[in-house]
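# Here is a sequence together with a model predicted from it:
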Amino acid sequence: MGGLPSIIHVILLTFILEVNSESIKDLKVTLIAGRPGSLKCPHSLKITDKSYIAYWQKKAETICYENLNEEPEPRCTGFQLHVDKEEITLTVIEVKYSDSGNYTAYLYTKDNTFECKVSLLVTQGSRMLPGSHGICTTAGPFLLLLPLAVVIWNFPFLL
């Protein structure tokens, strides 16, 4: 997605300058396929205006970033990035099974660095079935084939 030289510069500056570092590892998030969902990492860095660099990576590939290369708006495809005084958030606009995996959030300020590792698991959602009368059930293959079995084999105990 670009911005790699700027990311390398930020990382090098992090090691050269003596800055405070904060890290959160192994957050686990489960999202439902076909819906929007968010990965959130709480931080305690002092954020003022656009005095930070933020980005998310999946498998060492930058997928979303803000304030790199002096660009005023976040650069994301299929994602939205939001940073506030309490957390850095990556919103997946429409979650797909291929979104499952390990993500890392990075947040840099003049004096501090923050890293957060998140493991995302995407699952099948629940659906309202016809005739369920507002009861939400998981629509698995067995549940969908049950009415067909009643018709074909005429199971009297199920009627």
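Now that the structure is in, tell me what you want to look at.

# after the strand or helix carrying Tyr103 comes which helix or strand?
Per DSSP states H and E, Tyr103 falls inside strand 101-108. Downstream of strand 101-108, the first helix or strand assigned by DSSP H and E is strand 112-123.

# Where in this structure is the helix or strand with the lowest mean pLDDT?
Within the chain, confidence by mean pLDDT, DSSP states H and E is lowest for helix 4-16 among all helices and strands, at a mean of 49.

# pLDDT wise, what is Ile47 at?
For Ile47, the pLDDT comes out at 81.

# so where is the protein shaky, pLDDT-wise?
Filtered on pLDDT under 70, the chain yields the residue ranges 1-19, 68-74, 126-159.

# For it, which segments are assigned as strands?
For the chain, the strands defined by DSSP state E cover 20-32, 37-42, 53-58, 61-66, 75-76, 79-83, 87-92, 101-108, 112-123.

# Of these, flag the one that's most buried.
Greatest average neighbour count among the strands of the chain goes to strand 53-58 (a mean of 22), per mean count of other C-beta atoms under 10 Å. Any C-beta I mention is one placed from the backbone N, CA and C, and that applies to glycine too.

# And Thr89, how far from Gln124?
Distance, Thr89 to Gln124, by C-beta to C-beta, to the nearest Å: 24 Å.

# separation between the nearest residue to Tyr55 once chain neighbours are set aside and Thr30?
Leaving out its chain neighbours, the residue that sits closest to Tyr55 by C-beta to C-beta, 6 or more residues apart in numbering is Tyr65, at 3.6 Å. Distance, Tyr65 to Thr30, by C-beta to C-beta: 25 Å.
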